[in-house]
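Participant: after the sequence you'll find the predicted model.
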Amino acid sequence: MVPPLAQVLESATSPDEVAAAARLMRVQADAGDADARFALALILFEGHVGRREVIEGLRWLRLAAEQGHAEAVTTLARISADPREQFAIGHALVQGMGAPADPTAGLAWLARAADAGHPAAQQLLGLCLYLGTGTAADPVQGLKWLRAAAEQGDVDAQSTLAAACMTGTGMARDAVEGVRWLTLAAARGNVSAQFALARALRDGDGVARNGPEAARRLQDLVDKGHVGATEALGQMLMTGDGIPQDAQRGLALVVRATRDRGAP
């Protein structure tokens, strides 16, 4: 008789004991025990022995449900209807996390979560459609989902949408709109957006040209070891592009960026 998972977790005093219980359950699950399959499914799906093994956990849950295990049937129905779990499953399938990648199935799960308003699912679904990952590229649909996620505050979606606006990829170029999204993403710590916003300020692209502010933002990134920012600030200083010229310091930064890139 396999003890309920809650009892196993309560009695375990260390992760090693949970892992040992999981190994025992796997032996019994392989032998066809429905209770063991259900318990093992939850251990894996919920990540009780480390990183969540969503796909493997779902496989055992389905096997238990197919045997008529009442709790497995109920749990499978709950997971299938929960946008957070739909996203977790879709993400794992698209990325091949814990199982061979299956983008087609993964995108179907992501679409269910995205339709329910899950921002991370909208972001990943949008990115896959935008880039053509696991499906034919569809920038228009991709941008629709990226915008939906961005409007909910997803910083990765904001950064990607900003790049699309700035380059005009999949849409008419709109640097002003791009800077708006860059500003939001940069304020939340997205490094790509911070760098792109500094360059927009340097060039006056979608925003009033502001060399000192661009240099300040680039310096913040230089202090964090950003190679592109190191080179960009160095070039500004060497030429006096919007800021007082300091050719010696600028050259030092350009040399440093070249070294950090591993160039000869």
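Facilitator: Yep, it's here.
Participant: contacts only, for residue 189.
Facilitator: The contact partners of residue 189, by C-beta atoms under 8 Å, 6 or more residues apart in numbering, come to residue 155. No exception for glycine: its C-beta is placed from N, CA and C like everyone else's.
Participant: ah, wrong one, I meant residue 116
Facilitator: Residues counted as contacts of residue 116 (C-beta under 8 Å, 6+ apart) are 83, 86.
Participant: and the gap between it and residue 100?
Facilitator: Using C-beta to C-beta, to the nearest Å, residue 116 is found at 26 Å from residue 100.
Participant: ok, now residue 26?
Facilitator: Between residue 26 and residue 100 the distance is 20 Å, computed by C-beta to C-beta.
Participant: neighbour count for these two, which is higher?
Facilitator: In terms of neighbours (other C-beta atoms under 10 Å), residue 26 is the more surrounded of residue 26 and residue 100; the figures are 17 against 7.
Participant: what helix or strand does that one sit in?
Facilitator: Taking DSSP states H and E as the definition, one finds residue 26 inside helix 15-30.
Participant: tell me the helices and strands packed up against that helix.
Facilitator: For helix 15-30, the helices and strands in contact under the criterion 3 or more C-beta pairs under 8 Å, 6 or more residues apart in numbering; DSSP states H and E are helix 5-11, helix 34-46.
Participant: out of those helices, which gets the lowest mean score?
Facilitator: Comparing mean pLDDT over the helices and strands packed on helix 15-30, the weakest stretch is helix 5-11, at a mean of 58.
Participant: so for the helix or strand where residue 236 lies, what's the average pLDDT?
Facilitator: Under DSSP H and E, the secondary-structure element containing residue 236 is helix 227-239. In this model, helix 227-239 has an average pLDDT of 97.
Participant: also stretch 154-163?
Facilitator: Averaged across stretch 154-163, the pLDDT comes to 97.
Participant: contacts for that stretch?
Facilitator: Counting contacts by C-beta under 8 Å, 6+ apart, the residues outside stretch 154-163 that touch it are 119-120, 122-123, 126-127, 130, 143, 146-147, 149-150, 169, 178-182, 184-185, 188-190, 192-193, 196.
Participant: so what's the gap between the helix holding residue 236 and the chain middle?
Facilitator: 29 Å (C-alpha atoms, centre = their mean, to the nearest Å).
Participant: for stretch 214-225, same thing?
Facilitator: For stretch 214-225, the gap between its own C-alpha mean and the chain's C-alpha mean amounts to 24 Å (C-alpha atoms, centre = their mean).
Participant: show me what counts as buried in it.
Facilitator: Residues 214-215, 217-218, 221-222 are the ones in stretch 214-225 that count as buried (16 or more other C-beta atoms under 10 Å).
Participant: same thing with stretch 150-162?
Facilitator: 150, 154-162.
Participant: show me which of the residues you listed is closest to residue 226.
Facilitator: Lowest distance from residue 226 to the buried residues of stretch 150-162 (C-beta to C-beta) belongs to residue 159, with 14.7 Å.
Participant: got the CA coordinates for the helix or strand harbouring that closest one in PDB?
Facilitator: Under the assignment given by DSSP H and E, the secondary-structure element containing residue 159 is helix 155-167. Taking Å, rounded to 0.1, in the frame of the first residue of the first chain, the C-alpha atoms of helix 155-167 are listed here in PDB:
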ATOM      1  CA  VAL A 155       8.900  42.900 -19.200                       C
ATOM      2  CA  ASP A 156      10.200  40.400 -21.800                       C
ATOM      3  CA  ALA A 157       7.200  41.100 -24.100                       C
ATOM      4  CA  GLN A 158       7.700  44.900 -23.600                       C
ATOM      5  CA  SER A 159      11.400  44.600 -24.700                       C
ATOM      6  CA  THR A 160      10.600  42.400 -27.700                       C
ATOM      7  CA  LEU A 161       7.700  44.600 -28.800                       C
ATOM      8  CA  ALA A 162      10.000  47.700 -28.400                       C
ATOM      9  CA  ALA A 163      12.600  46.100 -30.700                       C
ATOM     10  CA  ALA A 164       9.900  45.300 -33.300                       C
ATOM     11  CA  CYS A 165       8.700  48.900 -33.200                       C
ATOM     12  CA  MET A 166      12.200  50.300 -33.500                       C
ATOM     13  CA  THR A 167      13.200  48.000 -36.400                       C
END
